[in-house]
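Engineer: A structural model of the following input is requested.
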Amino acid sequence: MNPAQIVLIEDNPGGVFLFEMALKHNGIPCQLTRFDNGADALLALCAQEETNAFVPDAILLDLNTPRSDGFQVLIKLKQFPRLSDVPLAILTSSQASSDRHRAALQNVRFIQKPAHLQDFLATVGGAVKEMLQA
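Structural biologist: I've put the predicted structure just below:
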């Protein structure tokens, strides 16, 4: 089985570490491509020539990264034809019902980062596993 190609848009190194732990804890072999902000992610994912196109198996993004608004990045990713079938999820510590509602309007998974480590590992890892099986 080839490792899953996962893109994570997250500026916090601690968040990246926990995400990697969740993948390992849930036995998800992957190659992780990380971007510190949505602007760089959009450049890399949307500006490539079709012949060299990198199409990940899943994209997860934090709402609050420098130089980008998470929902604007999400909308642009969804509009790019080559990425239209890639499962997208918001991975955030936000508890705002408005953020959850906006994610639902965009038809993307909303994963709220649990505060406790075991809950984080189970919740995030389980959500990624479901995204990859879809």
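Engineer: Got phi/psi on residue 98?
Structural biologist: phi -70, psi -40 (degrees, to the nearest 10).
Engineer: ok, it to residue 41 distance?
Structural biologist: Using Cβ to Cβ, to the nearest Å, residue 98 is found at 23 Å from residue 41. C-beta here means a position set from N, CA and C on the backbone, and glycine is covered the same way.
Engineer: These two - which one has more neighbours?
Structural biologist: In this view residue 98 and residue 41 are compared by other Cβ atoms under 10 Å, and residue 41 has more residues nearby, 23 against 8.
Engineer: Enumerate the positions of the helix or strand containing that one that are buried.
Structural biologist: Here residue 41, judged by DSSP states H and E, is contained in helix 38-46. Across helix 38-46, burial judged by 16 or more other Cβ atoms under 10 Å covers 38-42, 45.
Engineer: can you check stretch 41-61 too?
Structural biologist: For stretch 41-61, a neighbour-count test (16+ other Cβ under 10 Å) marks 41-42, 45, 56-61 as buried.
Engineer: That one spans what distance, first to last residue?
Structural biologist: One end of stretch 41-61 sits 10 Å from the other (Cα to Cα, to the nearest Å).
Engineer: What residues does the closest residue to residue 16 other than its chain neighbours make contact with?
Structural biologist: Nearest residue to residue 16, sequence neighbours excluded (Cβ to Cβ, 6 or more residues apart in numbering): residue 10, at 5.4 Å. Residue 10 sits next to 16, 19, 34-36, 60-62, 65, 91 when contact means Cβ atoms under 8 Å, 6 or more residues apart in numbering.
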